[in-house]
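Participant: Sequence and predicted structure below; questions after.
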Amino acid sequence: MHIISRREWAFLALVFLYSFIPAVVGLIRLPELLGAPAIIPSNPRAVIDPLPITLHILGSSVFCLVGAVQFLPSLRRYRPALHRTLGRIVAAAGCISALTGLWMTVAYAFPDALQGPLLYAGRVTLSLAMVAFIAWAIVAIRSRKVAAHRAAMLRAYAIGQGASTQTALFLCAMAFFDTELQGFARDLLMVGAWTINLAIAELLIRRTFAARTSDAVI
């Protein structure tokens, strides 16, 4: 797409690289969930009830990868029809990702080492918040509140990208402690990753709002 600038291509490459491990690991697990031999270590919860995790992998991959394209100014400016079409796909994928995440949190039996009360509460709260942000984004754009639409989608995207930040933090923790975190420490790291993403999203929203306010004054 020649309308995309080099800076935007660099942004897409960075997001795709950041999303690589959770997206690829999830997609590699799909054949196992469909009955093929396991390529990576088996997940017993997924084998027993493969539907929610299959939908979650597909929804999350589309939301994180296609969703990144939606933030490109060039796409919105020169291909508004494509932006709207992709937006519908991304919104649906995001809701699938969030609702199946909630489904697995409530329905799967996690050992305490992998999910304690903190992580359980965080997953339930953020799954519902992600759906709420997407719903508000749809309402906002239908009311032509573009800034509110973009802010809501950025917050939803920050939640959806939680697995990428969690992966990065887990790799750092394993390098530092030379062991995999479990129990409360694991819960804290998982929730902390979402907190970091949402904090960055709020900074970007405030920075964008401040820049536009400054331009309006000038």
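Facilitator: Here it is on my side, so go on.
Participant: Does Arg45 touch Ala109 like I think?
Facilitator: Yes - assessed by CB atoms under 8 Å, Arg45 is found in contact with Ala109 at 7.0 Å. (C-beta placed from N, C-alpha, C; glycine too.)
Participant: Which of those two has more residues huddled nearby?
Facilitator: Neighbours per residue (other CB atoms under 10 Å) separate Arg45 from Ala109, with Arg45 holding more: 17 against 8.
Participant: in which helix or strand would I find the more buried one?
Facilitator: helix 44-48 (DSSP states H and E).
Participant: Looking at that helix now, give me its mean pLDDT.
Facilitator: Taken as a whole, helix 44-48 carries a mean pLDDT of 73.
Participant: same for that helix, what does it pack against?
Facilitator: Counting contacts by 3 or more CB pairs under 8 Å, 6 or more residues apart in numbering; DSSP states H and E, helix 44-48 is packed against helix 20-33.
Participant: what are the ranges of the helices in this structure?
Facilitator: All helices of the chain, identified by DSSP state H, fall at 6-18, 20-33, 44-48, 50-70, 73-78, 80-107, 117-142, 146-160, 162-177, 184-217.
Participant: weakest of those helices in terms of mean pLDDT?
Facilitator: Among the helices of the chain, helix 44-48 carries the lowest mean pLDDT (a mean of 73).
Participant: From Gly122, how far out is the residue nearest the centre of the chain?
Facilitator: By CA atoms, centre = their mean, the chain has its centre lying nearest to Gly160, at 1.6 Å. As judged by CB to CB, to the nearest Å, Gly160 and Gly122 stand 14 Å apart.
Participant: what's the answer for Gly183, then?
Facilitator: Taking CB to CB, one finds Gly183 at 15 Å from Gly122.
Participant: Of these two, which one has the most company?
Facilitator: Here Gly183 and Gly122 are compared on neighbour count by other CB under 10 Å; more neighbours surround Gly122, at 21 against 13.
Participant: OK, contacts around the residue lying closest to that one once chain neighbours are set aside?
Facilitator: Sequence neighbours aside, Val191 is the residue nearest to Gly122 in space, at 4.3 Å (criterion: CB to CB, 6 or more residues apart in numbering). By CB atoms under 8 Å, 6 or more residues apart in numbering, the residues touching Val191 are 118-119, 122.
Participant: Could you dump the residues you listed into CSV and include distance to Glu8?
Facilitator: Output for the contacts of Val191, formatted as CSV (distance: CB to CB, whole Å):
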residue, distance to Glu8
Leu118, 37
Leu119, 35
Gly122, 32
